[in-house]
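# Quick one: sequence and predicted model below, then my questions.
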Protein chains: 4
Amino acid sequence: MTGFHDVGVAVIGTGFIGTVHLWALRRLGVRVTGMLGSSAGRGAERAAALGVHHAYNSLEQLLADPAVDVVHVTSPNHAHFAQVKAILTAGKHVICEKPLAMNSAESAEMVALAEASGLVAAVCYNTRFYPLSQQACGMVAAGKLGEVRLISGHYHQDWLAKPSDWNWRLETEEGGTLRSVADIGTHWVDLTSFIGGLKPVAVLAELATFIPERQRPLGPVETFAKTGDRASETRRIETDDAGLMLLRFANGARGSVTTSQVSHGRKNAMSWEVSGSQGSASWHSEHPDHLWLGHRDEPNQILQRDPGLMNGLGAAAASLPGGHVEGFADTFFALFRAVYSDVLAGGRSAGSNYASFEDGHYEMLFCDAVITSAKESRWVEVEGQE
Amino acid sequence: MTGFHDVGVAVIGTGFIGTVHLWALRRLGVRVTGMLGSSAGRGAERAAALGVHHAYNSLEQLLADPAVDVVHVTSPNHAHFAQVKAILTAGKHVICEKPLAMNSAESAEMVALAEASGLVAAVCYNTRFYPLSQQACGMVAAGKLGEVRLISGHYHQDWLAKPSDWNWRLETEEGGTLRSVADIGTHWVDLTSFIGGLKPVAVLAELATFIPERQRPLGPVETFAKTGDRASETRRIETDDAGLMLLRFANGARGSVTTSQVSHGRKNAMSWEVSGSQGSASWHSEHPDHLWLGHRDEPNQILQRDPGLMNGLGAAAASLPGGHVEGFADTFFALFRAVYSDVLAGGRSAGSNYASFEDGHYEMLFCDAVITSAKESRWVEVEGQE
Amino acid sequence: MTGFHDVGVAVIGTGFIGTVHLWALRRLGVRVTGMLGSSAGRGAERAAALGVHHAYNSLEQLLADPAVDVVHVTSPNHAHFAQVKAILTAGKHVICEKPLAMNSAESAEMVALAEASGLVAAVCYNTRFYPLSQQACGMVAAGKLGEVRLISGHYHQDWLAKPSDWNWRLETEEGGTLRSVADIGTHWVDLTSFIGGLKPVAVLAELATFIPERQRPLGPVETFAKTGDRASETRRIETDDAGLMLLRFANGARGSVTTSQVSHGRKNAMSWEVSGSQGSASWHSEHPDHLWLGHRDEPNQILQRDPGLMNGLGAAAASLPGGHVEGFADTFFALFRAVYSDVLAGGRSAGSNYASFEDGHYEMLFCDAVITSAKESRWVEVEGQE
Amino acid sequence: MTGFHDVGVAVIGTGFIGTVHLWALRRLGVRVTGMLGSSAGRGAERAAALGVHHAYNSLEQLLADPAVDVVHVTSPNHAHFAQVKAILTAGKHVICEKPLAMNSAESAEMVALAEASGLVAAVCYNTRFYPLSQQACGMVAAGKLGEVRLISGHYHQDWLAKPSDWNWRLETEEGGTLRSVADIGTHWVDLTSFIGGLKPVAVLAELATFIPERQRPLGPVETFAKTGDRASETRRIETDDAGLMLLRFANGARGSVTTSQVSHGRKNAMSWEVSGSQGSASWHSEHPDHLWLGHRDEPNQILQRDPGLMNGLGAAAASLPGGHVEGFADTFFALFRAVYSDVLAGGRSAGSNYASFEDGHYEMLFCDAVITSAKESRWVEVEGQE
C-alpha cells in the first residue's frame, strides 16, 4: 500500500455516526469495500442509500474479504468487544467508536489483544482532532502554560431534558450503569487529559437522576424520531441525567466537570479551561475555531484556527486556511488521516496522538471509579493510576 | 425623613470599596456626614481626597453624631463584628460589607442583635443587584425555568497567580482559613442561592494551594501596589488558591462551582448556569448586561438588560434604557436604593431581597462546612439547613 | 477652588440625560446648587424627586447665583444656543449636551464666544470616555496601528422601528432635517475621529425614511411612554430612519458607517473598526469593557479594560480594577472628572481630550454636508476641512 | 442514473479550492473519474497526491470521456469562459467557481448557452449553503422579518495587508480591474441578495488602494508560499485593497458593505445584518452555526443550527444534529448535494436555490457598475435591474 487509495476499509454500523465515518473515509480517498448493518437487509438498504456498492451479510463475510485492511466499528456498545476481537484476530486494523467496551474487564482484554497484534488500534475520541485541541496539547507540552493546575469545564446537552424523551441509553440493562458520564463525560476526560498531558488519578462523583420516570414508546423506535404522541409505558430510570465530578491529578492539579443531558438550550456544549502556572487556555465545542489564551500581565488572546498561526500539531490537523471554519465532520477527517498514515506505515508511529486502546481502557476504569464514588460518596482512585 | 436627602450616612473605611460605596451614596442623593478611616489622620486625608468635608476621629464620635442614620461598614473583615454591634446598639441602620464576620459564632450573634433591633441590617452582596440577577430571580420564582435541577459555574480571577503577588488575605492568621472560597466563592453561593431560591444544604469541597510559598514584601504594603522589586521574605501559604465544590440542595438539585485566584487572564470572571425542568439561564459578570435563556424546542434567547423587556424585579433594579450598559458601580446604586427605601420606611419591607444578616450568617456556616469537608474529604451538611 | 467640592454646579434640564448628569456630578463630589426645569413647577417637582434641594425659576436666576461656577445644558436642542451664550456671557463654564446647536451658524458663533471667554466649554460626547475609547485613541496616537486606512461600523437602535413609535425628533420642524445621523451618527463620527486622530473631509450620504407615515399621539407625550393605545393622528415623516455614509479623510483613509433607529433588536449598538497599516482595533458599545486588537501574524487580542494593562489615557479614564465592568453612567463620571480638573485649573489644559466647541461645531458642519450630499447624490466636502 | 454513485464527475483545477471540491464530491459518493491540472504533469502529480486514480491530459480528453456527466471548473478565472462553453457544448453539466467569467460579455454568452442547453449549470457561491443562510432565506421569504429595509455588513480579510504580500490577483492584467470587490464582495452581494430576495439595482462605490506599491517575488510563486525573503521587484498596484459600497434596491431598501483584504486580524470575516419591518437577522462567517434574530419587544434570539429548530430550507441543508458545528467544507457538500439531485433529475428543479448562471452574470454586471461608479464618484444602475 503506497497511498490512501490502496487501503480497503469496511464500516460496521450504518447509523448516524457510521455515516459520519463514511463521509470522512470517502473524503480521505481510501477504498470503502462495504458496510455491515445490524441485519443483512438493513445493511443493504443503508449502503444503497449512502451510495456504497456493497453490504456484507455478516462479520465473518466481512473479515473474509481480503480487500479489507481496516475495519471501523460503529455498532452499539455491547457489540464492540466481540467484533474488535474478531477483527484483530483476523489481522485487520481497527478503529472503534467509544466507549471501547461495556466494562473494564473487556477493555483490558482488548488492550492486550491489540498490543499482541501489532496492528493499528484506535478509539474514536474525535474531539482530540479539532485543530485547536492539537494546538492546545502542543502548547502545554511545550510549557507555554507552565505547570497545569486547574482543569475545569462541562459537557451539557438537552436532548433528554423532557420526560417524554427516550433512548435506549436511558435504561441500565441496555446502556450500562452510567449515562451522561459514560456518553459525554468520557469525551471531556479524554480531551482534557490529552491536552493537559495527565489523567485523573482519583475522582469524587455525584450523580443525579432528575427525571426518575420516563415514557418509553411501545414498539420499535427510530433514533431521533419524535415520540411524544406514541403509545408508551412508564419506566423507572436509574442512569444519570447529570454527573458532577471533582478530579485529582498526580502532579497535584485539580479538576472539575459537570455533565448533563437535561440542560435546556445546550445542544452539544463541551467546554474546558486549563489554568497553568504561566497562562491559561479555554475552548468551547460550539465555537471550535477559536481558542482563548489567558494572560495575567498582557491582553488575552483569541487564537483563530489558522495553519499560519499554529504550532506543528495544530497545523498538521488543519485542512483549511484561517477564517474558513472547520467543524465536527472535519475532526473525523483529521483523525482518520492520522490513523491511516499509521496504517500505511504498518503500525502506530511514535508521534501519533490519537486515542489508543489504552486510552479507551482508561476511560472504562474511570467510569468504574465514578460508579463507586457516587455510590459511596467518597474519593475513589482510578485503578492503575497510582 | 421623607426623601433620600434627609438621610444621614457615615462610611467606615476609605479604601477601594469604601470609595465605591461613597460614589453610590452621593449618586443616590443621601447626605454623607463623614468617613472614618483606619486612623484619624488617614481618614482625614482620604476624606479630603474624595471631597468629603468631614472625617470622624473614632467610631464613638461617629456614633455620637445625631446626623448619622445609617452606617456603612467597609473596614477589614476582623473589625466588622465589633463595629456592627456598636452601630446597632447605637440605634443606627447598618450596611456591612461581606463577609459579615470572621466566623459563624460572631455572625450568629449579629443576626440576633439585628433582629432584636428592628433596624435595617444589610450585607453587601452587590451582585444580586445586577438587574439581570434580579430578572433571573424573578423568572425562577415565577416558575419560568421549572424546578431547579443543576446550578453550575465558577468565579475565577488572576490577581494572585504569581508567587510574587502578595495580599494580607494570603495568610491564615490575617485572612482566615479560607481565601478564594470566602472571598469570591461566597459571592457565587449567595448569588445563585438568591436566583435559584434555595441554599446548599451540603457541600463536598476540595481546596488547593498551588503556590505553597510566596514572597511577602518587607515593610507596609499598599493594596494593589506592585511588589515585584521590593525586598521580601518567603512565607508558607496554606489558604486556598482554588476551591472546587459540589453542592446538594433540599429539593434534590445539585451544584458545582470552582473558585480560583490564580487563573491567568480571568480578571473577575463570575459565571453561573441554572438549569431547570422547563428552561435554563446563564450569565457572566464580565458581560453583565446580557442574560442567556436556554430552550429545548425553540431558539435560545439573549435578554439584554432593558426595563421594557424585563419583569418587575429586573426593571426595578435598572437605571438606564436598554443598550446603555450598567456595570459594577451601578449595582451599588441599585442595592443602596433598595436599602434606603427600607430605611425611609423604618425597617425591612416584605418585598426586599437584598442580603440580610441571616444571609450573611449562612455564608459563614457554609464556609465552616467547606473547611470540614476539605479536611475530611467528605460531604458535610451546612448547619441549620436540614 | 481647591477641590471638586468647592465647585458649584447647576444643571439645566431634568429629563433622562439630565438625571445621568446629576448622578455623575454627585458621585464626583461637586456641589449641585440646583436644577432648572422646562418650567418652574416642573423643575421644582423633578428636583425634589431627585433629592436636589433647589430649583431655579429661570435661567436669569440661575446665572445670577454666585455659587454657580459651571452650568450643564441638557435642555432640548433648540435651547442650547441661547442658553450657552448667556452662560458664557455670565462668565460661567459650560458643558453642553450634543448637538451643540441647531445649525452651523449658531455653533460657529458659540465657538467664537467660547474662545473669547477663556472659559471651559465642553460638548458632552461621552463615548470618548469609555476607558477603552481613550485606550484606542492613545494606541493610534502612538502608532500602534500604523497609518489609519479604513474606519467602518454602525450605530443601530430600534426604539423607532414601528409606525406607532413617536418622538419629537421625528418631525423636521422640531428636530431638524436629520434624525438618525444627527442623533447617533454624530456620536459615531466624533468617537472615531477622536480615536483615529482625523476627521472626515468629505461625505457621501444616502438617507432613508422607511416609515413615511407615523401615528402621533394627541395631547402631551411623556418621553418613553407607551403610545400604542393613545388617540393619534397620522403624520408624514421626512427625517431619516437610517443613514448610510461613506467618508474620505485627508490622509487617504476611507470610512463607512450606517445609522438606524429602526433595526429590531439593536438597542443601542454602536460599533467601530479601525484598520491601520500595522494592526486593527474594534469595539462595541454593548460590550464596552472589551477591545479587540487584530493582528496579521499573531493571535488577535482581547484587551479587557484594566488599569494595569492599559496605556496612560486608558488608565486615566478608568475607575475600577479589571473585570469590574464600567458602563454608560461611568463615562459621564470620567468625562466630568476631566472637565472639572480643567475648571479647577481655570481653563482647558493642553492634554485634555474631551470634545470642545470646535468639535461640536465640526459635527454641525458634517451634518450640513450630509444633507447636501443626500439631496444631490454626490460627494460633498465638509466645510473648513480642506 | 439512479443514485449519486452513478454520476461521473471530472474536476478541472487541482489547487486549494479544487481540493475542497474533490473532498465534497467524494463525501457525496459520486464517482470522480479524474482531474485536469494546469498541465498534464501537474495534473498527474496532484491527482496522485489526492488519491485520484486518473488525470486527464487535456480538456478534450476529459470531454471525450463518456463516463463524465458533470464537470467542475476550478481553474483560474480567465479560463472559465472557454472551458464552460466547451463543457456545455459537449452536453455535460457544469459547476463553475466564481466569478463566472472575466466580464459581463462573456457571462452573458454563458447564460444564453446554458439556457439553450437545458443542462444543470451552477456557480459555486457556496456560502448560500451554510444551513443558516438557507434558514434566513426561508425566513425572509415567509415574511418573518417583514419588508426588508436595510442590509449592511462587511467582508474583511488580512492576507494582503502587507506590502510584501503577493498574489496574481493584485495586478489588473491578470486579475481584472477589481480585486476585493470581485473576489469577496460578490460573495457578500450574492449571499445577501439570496437571503433578502432582492438584488441591488444601483451602487455607489469608493475604491481604495492603500498599498500602491508591492514587492513581487521573482520567479514562480506557489500560492500561500511565504515570499518575504525572496528576491523581488517593485510593482505599482491599482486594484482595490478595499471597497466601500452603498446599495439601492427596487423596493426602496438600502444596503452598505465594505470589503477589505488589508484588515489585520480579520481572517475571513463575512458578516451581514438584514433589518426588516418586523424583525432583524444577523450572521458572521467565522461563527457560522449561530444566527442572531433581533426583536423589538421581546428578547433577541440565537438560533443555533439544528435541524429540529430550523425551517424546511435550513433543515434540508444541514447534515448534523445541533451543536455539532458545520463549517466551510460542509457548505460544498450541501451545495453539491443540491446540484446533483438536479443532475439526477436531468435539470434544475423548481425549488432549487443554488446560484445559477444568471446569478453569476448578475455579479459581473454589478462589478461593471462598481467600476463606473468608483471612477465617476456617482450612483450607477446595475444593467438589467431597472
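Yep, it's here. Numbers count the residues shown, from 1 in each chain, chains lettered A, B, ... in the order given.

# so who does A:Ala116 touch?
Listed by Cβ atoms under 8 Å, 6 or more residues apart in numbering or on different chains, A:Ala116 has no contact partners. To be clear about C-beta, it is placed using only N, CA and C from the backbone, and glycine gets the same treatment.

# Please name the bridge partners of the closest residue to A:Ile151 other than its chain neighbours.
Once flanking residues are discounted, A:Ile151 sits nearest to A:Gly255: 4.1 Å by Cβ to Cβ, 6 or more residues apart in numbering or on different chains. Partner residues in beta bridges with A:Gly255: A:Ile151, A:Leu247, with DSSP bridges as the criterion.

# and the residue nearest to the spatial centre of chain A, how far is that from chain B?
Centroid-nearest residue in chain A: A:Tyr125, 3.1 Å away (criterion: Cα atoms, centre = their mean). Relative to chain B, A:Tyr125 is positioned 23 Å away (Cβ to the nearest Cβ, to the nearest Å).

# Now the terminal residues of stretch A:297-308, how far apart.
Terminal residues of stretch A:297-308 lie 25 Å apart, using Cα to Cα, to the nearest Å.

# How about residues contacting it?
A:131-132, A:135, A:288-295, A:309-310, A:314-315, A:318, A:321-323, A:325-326, B:265, C:293, C:297-304, C:308-309, D:267, D:286.

# Which positions within it qualify as buried?
For stretch A:297-308, burial by neighbour count (16 or more other Cβ atoms under 10 Å in any protein chain shown) applies to A:299-307.

# what mean pLDDT would you report for that stretch?
With pLDDT averaged residue by residue, stretch A:297-308 scores 98.

# now it: how far from the chain's centre is it?
Relative to the centre of its chain, stretch A:297-308 is centred 27 Å away, using Cα atoms, centre = their mean, to the nearest Å.

# Likewise for stretch A:203-214?
When distances are taken as Cα atoms, centre = their mean, stretch A:203-214 is centred 22 Å away from the chain's centroid.

# what is the rounded mean pLDDT of that stretch?
For stretch A:203-214, the per-residue pLDDT values average out at 98.

# Over to stretch A:104-113?
Per-region confidence: stretch A:104-113 scores 97 on mean pLDDT.

# What residues sit buried inside the helix or strand of chain A with the lowest mean pLDDT?
Counting by mean pLDDT, DSSP states H and E, chain A has its least confident helix or strand at helix A:172-175, which shows a mean of 82. Across helix A:172-175, burial judged by 16+ other Cβ under 10 Å covers A:Gly175.

# How far does it sit from its chain's centre?
For helix A:172-175, the separation from the chain centroid amounts to 19 Å (computed by Cα atoms, centre = their mean).

# swap in stretch A:360-377?
On the basis of Cα atoms, centre = their mean, the separation between the geometric centre of stretch A:360-377 and that of its chain is 17 Å.

# Could you do stretch A:230-247 as well?
Between the centre of stretch A:230-247 and the centre of its chain there are 21 Å (Cα atoms, centre = their mean).

# Let's see the distance spanning it from one end to the other.
Taking Cα to Cα as the measure, stretch A:230-247 stretches 42 Å from start to finish.

# the strands in the stretch 201-350 of chain A, which residues?
The residue ranges that make up the strands of the stretch 201-350 of chain A, judged by DSSP state E, counting those that start in this stretch, are A:213-217, A:232-236, A:242-249, A:254-260, A:269-276, A:280-284, A:290-294, A:300-304.

# State the mean pLDDT of the third one.
With pLDDT averaged residue by residue, strand A:242-249 scores 98.

# try stretch A:363-381
Mean pLDDT, stretch A:363-381: 98.

# can you tell me which residues contact the residue nearest to A:Gly118 when sequence neighbours are not counted?
Leaving aside its sequence neighbours, A:Gly118 sits nearest to A:Gly347 (Cβ to Cβ, 6+ apart; 5.8 Å). Listed by Cβ under 8 Å, 6+ apart, the contact set of A:Gly347 reads A:118-120.

# for those residues, which one is nearest C:Val189?
Using Cβ to Cβ, A:Val120 is the member of the contacts of A:Gly347 that sits closest to C:Val189, with 62.6 Å.

# Quick check: phi and psi at the nearest residue to that closest one once chain neighbours are set aside.
Take A:Val120 and drop its neighbours on the chain: the residue closest to it by Cβ to Cβ, 6+ apart is A:His93, 4.1 Å away. Backbone torsions for A:His93, taken as degrees, to the nearest 10, come to phi -70, psi 160.

# gap between A:His93 and chain B?
A:His93 is 40 Å from chain B, by Cβ to the nearest Cβ.

# likewise A:Ala136?
Taking Cβ to the nearest Cβ as the measure, A:Ala136 and chain B are separated by 14 Å.

# Assign that residue to helix, strand or coil.
Using DSSP: H, G, I helix; E, B strand; the rest coil, the structure places A:Ala136 in helix.

# For burial, what's the neighbour tally of the residue nearest to it when sequence neighbours are not counted?
Distances taken as Cβ to Cβ, 6+ apart place A:Ile195 nearest to A:Ala136, at 4.6 Å, with adjacent residues excluded. Each residue near A:Ile195 was counted by other Cβ atoms under 10 Å in any protein chain shown, and the total is 27.

# List the contacts of A:Ile195.
A:133, A:136-137, A:140, A:272, A:274, A:281.

# Contact partners for the closest residue to A:Gly18 other than its chain neighbours?
Spatial nearest neighbour of A:Gly18, excluding adjacent residues (Cβ to Cβ, 6+ apart): A:Thr74 at 4.1 Å. Contacts for A:Thr74 (Cβ under 8 Å, 6+ apart) come out as A:11-13, A:15, A:17-18, A:21, A:97, A:124.

# Tell me how far the residue nearest to A:Val120 lies from A:Gly360.
From A:His93 over to A:Gly360 the distance is 15 Å, taken as Cβ to Cβ, to the nearest Å.

# swap in A:Thr209?
Distance check for A:Thr209 against A:Gly360: by Cβ to Cβ, it reads 26 Å.

# Compare the two and say which one has the larger neighbour count.
Neighbour count, other Cβ under 10 Å: between A:Thr209 and A:Gly360, A:Gly360 has more, with 28 against 18.

# neighbours around the residue nearest to A:Phe332 when sequence neighbours are not counted, how many?
Residue nearest to A:Phe332 in three dimensions, not counting chain neighbours: A:Ala24, with 3.7 Å by Cβ to Cβ, 6+ apart. Residues near A:Ala24, counting by other Cβ under 10 Å, number 24.

# Need the distance between the two termini of stretch A:140-160.
When the termini of stretch A:140-160 are compared using Cα to Cα, they are 35 Å apart.

# right, I mislabeled it, should have said stretch A:266-286
Stretch A:266-286 stretches 10 Å from its first residue to its last (Cα to Cα).

# ok, now stretch A:288-305?
Using Cα to Cα, the span of stretch A:288-305 from its first residue to its last is 8 Å.

# What of stretch A:347-367?
Its first and final residues considered, stretch A:347-367 spans 29 Å by Cα to Cα.

# residues of it that come out buried?
With burial defined by 16+ other Cβ under 10 Å, the residues of stretch A:347-367 counted as buried are A:348, A:353-367.

# Next, the angle from the helix or strand where A:Ile17 lies to helix D:16-28.
In this structure, A:Ile17 sits in helix A:16-28 according to DSSP states H and E. Following axes from the mean of the first three to the mean of the last three Cα atoms, to 10 degrees, one obtains 140 degrees for the angle between helix A:16-28 and helix D:16-28.
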